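Asks: Give me the fold of what follows.
(one chain, ligands or ions: 1)
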Amino acid sequence: MSDRYSQLVNTPVGKIIAKNVGLPQPVQLDRWRPGQPVVAGEVLLGAALGGRLAAPAARVLADARARARTADDEAGKAAKEAKLDASAWDAAAAGEGDRFKALVFDASGIKDSTQLRELWVFFHPTIRRVERSGRVIVLGTPPEECASPKEATAQRALEGFVRSVGKEVRKGATAQLIYVAPGAENQLDSTLRFFLSPRSAYVSGQVVRVAAAEDPPELDWERPLTGKVALVTGASRGIGEAIARTLARDGAHVVGLDVPALASDLERVTREIRGSHLLADITDPDAPAQILDHLESEHEGVDVIVHNAGVTRDKTLGRMDEERWTVLMDINLTAQERIGDALLERDLLRKGGRVVTVSSMSGIAGNAGQTNYATSKAGVIGMVQSMAPVFAEKQATINAVAPGFIETQMTAAMPFATREIGRRLNSLAQGGKPVDVAETIAWFASPASGGINGQVVRVCGQSLLGA
Ligand code: NAD
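Replies: Here you go, the predicted model:
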């Protein structure tokens, strides 16, 4: 769907007018293409004294062949240990033109509130040196795993810092906080790569927790899903189509599912990605058995399930007929639970399996006219959080994405003013693309993401709603 305003303010004349009149100036975001490096520019690594995450971060940067500089002795030591080819960078001696594609700061050494000053020391001279579509990433310890209340307080404070940085950085740059549990240092790769790279173009202001899990396998990072089978519901168009294409690009055999009425669209998509298709209405009482029979007979199981199919049936509560409530709840929530129950009962999710469900910002912030939709989307968050321990026992994971304003047929149908407000009310001042949701799902689905479980990540450009 086209965003004419964005196109206009990105012309030379449009840029001048928007700047002078104080209008939002969305920039064209970098998006990932196969063969691109993880980070197309220099990364500056810094660390508070005594941190435990600079070393694993340096190792990830070395593996990703990133060009790096180090901002202090702690980061310099970590770079040396990780054999990261990095030279020292001194803020006092820096040239005007020194710019960074990413700033990565290990804050895990911060043990009390006085040491939060380390954030200022690292970021004050560097934050205005972040390039277009740049990245700011802070690494910390989950407060609930800290050794003392003072340390937990300081680590919790990082959230406010990162969310504010996300609102300050301009030109399509983003900011995230990654909490890495003690013992989960070897699980950082897939998450740090995702947030450094253009795959996370429309994700900002997020807090992610990485937990200890089985050692991640050796991966071809260009095609991490090679040999995996992924079921995607609602795959014939919109976000579901992008998910199917992205998982296939990453090497998966995709089984696309949609309602019989969309058979020809679904067949076109799955043919183009060399996947297969399954026609079913997920609310049919027989649907779980039909889906699982197919996965068992054709593939002897499944590795990834993406619950994307969903609908809206908007009306304010007093005007909402019962059907709008029950039909929607069945599609958006109950059908997922039924398929999930059957999956566990028949034990068809292979070891290292991944379930990802598509929630919505409405499920977090609420929305007038969407009591039914927001209830269902908050429900899938509840499902993810309550089922995470069950999946963890099987060395599998379950996570959710919560998209904000994504340019699809669903949002194109909104009235003009609502659509324009939805698009601009976020730190990136634009709507996301279906591929942005799909990339986030691909990160959850990666065999290297075993440490990510029970999480909800918003793909909303840091929406001002529900922040
Ligand atoms: P869409 O309407 O373009 O696609 C939804 C797909 O789900 C369709 O192919 C549809 O046929 C399928 N589907 C619906 N009911 C089904 C059923 N009973 N059985 C099988 N398939 C069924 O919508 P979209 O914008 O691509 O949204 C995809 C998901 O993302 C939905 O869950 C939606 O709630 C969520 N979402 C979208 C946005 C957005 O901005 N577009 C924002 C937040 C969340």
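
Asks: residue contacts, residue 296?
Replies: With contacts taken as C-beta atoms under 8 Å, 6 or more residues apart in numbering, residue 296 has the following neighbours: 346, 348. Bear in mind the C-beta positions are built from the backbone N, C-alpha and C, glycine included.

Asks: ok, and it, which helix or strand is that part of?
Replies: In this structure, residue 296 sits in helix 287-299 according to DSSP states H and E.

Asks: Could you confirm whether the helix or strand following that helix reaches the ligand?
Replies: Scanning forward in sequence from helix 287-299, with DSSP H and E defining helices and strands, the next element found is strand 302-307. No - remark: strand 302-307 sits outside contact range of the ligand, by C-beta under 6 Å from any ligand atom, the gap being at least 7.8 Å.

Asks: so what strands line up beside strand 302-307?
Replies: Sheet pairing here is set by DSSP bridges, and for strand 302-307 it gives strand 229-233 (parallel), strand 349-358 (parallel).

Asks: and those as TSV, adding mean neighbour count?
Replies: Shown next, in TSV, are these (neighbours: other C-beta atoms under 10 Å):
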stretch	mean neighbour count
strand 229-233	28
strand 349-358	23
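
Asks: picking up where we left off before, please point out which parts of the helix holding residue 296 sit buried.
Replies: Buried residues in helix 287-299, counting neighbours by 16 or more other C-beta atoms under 10 Å, are found at 287, 288, 290, 291, 292, 294, 295, 299.

Asks: for the ligand, what are the nearby residues on the stretch 351-467 of the chain?
Replies: Within reach of the ligand by C-beta under 6 Å from any ligand atom, the stretch 351-467 of the chain has these residues: 358, 360, 403, 405, 406, 408, 409, 410, 411.

Asks: rerun that using 5 Å as the cut-off
Replies: Taking C-beta under 5 Å from any ligand atom as the criterion, the stretch 351-467 of the chain approaches the ligand at residues 358, 360, 403, 406, 408, 409, 410, 411.

Asks: Take the residues you listed and keep only those in strands.
Replies: Judged by DSSP state E, strands contain the following of these: 358, 403.

Asks: Any chance of TSV for the residues of the stretch 351-467 of the chain next to the ligand, columns distance to residue 126?
Replies: Written out in TSV, the entries for these read as follows (distance: C-beta to C-beta, whole Å):
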residue	distance to residue 126
358	36
360	35
403	31
406	32
408	37
409	42
410	39
411	36
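
Asks: lowest confidence element among the helices and strands of the chain?
Replies: Among the secondary structure pieces of the chain, namely its helices and strands, helix 12-21 has the lowest mean (mean pLDDT, DSSP states H and E), a mean of 61.

Asks: Make sure residue 338 is actually in contact with residue 289.
Replies: No - taking contact to mean C-beta atoms under 8 Å, the distance of 9.9 Å between residue 338 and residue 289 leaves them out of contact.

Asks: so residue 373 sits right up against residue 320, yeah?
Replies: No - Residue 373 sits out of contact with residue 320 when judged by C-beta under 8 Å, with a separation of 10.6 Å.

Asks: neighbour count winner among the two?
Replies: residue 373 (23 against 17; other C-beta atoms under 10 Å).

Asks: Find the nearest non-adjacent residue to residue 378, please.
Replies: Counting by C-beta to C-beta, 6 or more residues apart in numbering, residue 363 is the residue found nearest to residue 378 once chain neighbours are left out, at 4.1 Å.

Asks: And for that neighbour, the neighbour number?
Replies: Number of residues near residue 363 (other C-beta under 10 Å) recorded here: 24.

Asks: What of residue 399?
Replies: For residue 399, which is what you asked about, the neighbour count (other C-beta under 10 Å) is 26.

Asks: Look at it and tell me its secondary structure.
Replies: Of the three states, residue 399 takes strand according to DSSP: H, G, I helix; E, B strand; the rest coil.

Asks: List the contacts of it.
Replies: Taking C-beta under 8 Å, 6+ apart as the definition, contacts of residue 399 comprise 354, 355, 356, 357, 384, 444, 452, 453, 454, 455, 456, 457.

Asks: try 7 Å this time
Replies: 356, 384, 444, 452, 453, 454, 455 (C-beta atoms under 7 Å, 6 or more residues apart in numbering).

Asks: My guess is residue 427 contacts residue 462. True?
Replies: Yes - with contacts counted by C-beta atoms under 7 Å, residue 427 reaches residue 462, the gap being 3.8 Å.

Asks: can you pull the contacts of the residue of the stretch 51-200 of the chain found nearest the ligand?
Replies: The stretch 51-200 of the chain approaches the ligand most closely through residue 200 (17.1 Å), counting by C-beta to the nearest ligand atom. Contacts here follow C-beta under 7 Å, 6+ apart; on that basis residue 200 touches 174, 194, 439.

Asks: where do the strands sit along the stretch 51-200 of the chain?
Replies: Secondary structure of the stretch 51-200 of the chain, counting by DSSP state E, counting those that start in this stretch: strands at 67-70, 86-88, 100-106, 130-140, 174-180.

Asks: How about the closest residue to the ligand within the stretch 251-400 of the chain, nearest residue that isn't a chain neighbour?
Replies: For the stretch 251-400 of the chain, the nearest residue to the ligand under the criterion C-beta to the nearest ligand atom is residue 310, separated by 2.2 Å. Using C-beta to C-beta, 6+ apart and skipping residues adjacent in sequence, the residue nearest residue 310 is residue 332, 4.9 Å away.

Asks: Number of residues surrounding that neighbour?
Replies: Residue 332 is flanked by 29 other residues according to other C-beta under 10 Å.

Asks: try residue 33
Replies: 7.

Asks: Repeat that for residue 336.
Replies: Here the count is done by other C-beta under 10 Å, and residue 336 has 24 residues near it.

Asks: wait, what's in contact with it?
Replies: For residue 336, the contacting residues are 307, 357, 380, 383, taking C-beta under 7 Å, 6+ apart as the criterion.

Asks: Could you rerun that using 8 Å?
Replies: 282, 307, 357, 380, 383.

Asks: what's the answer for residue 214, then?
Replies: 352, 395, 450.
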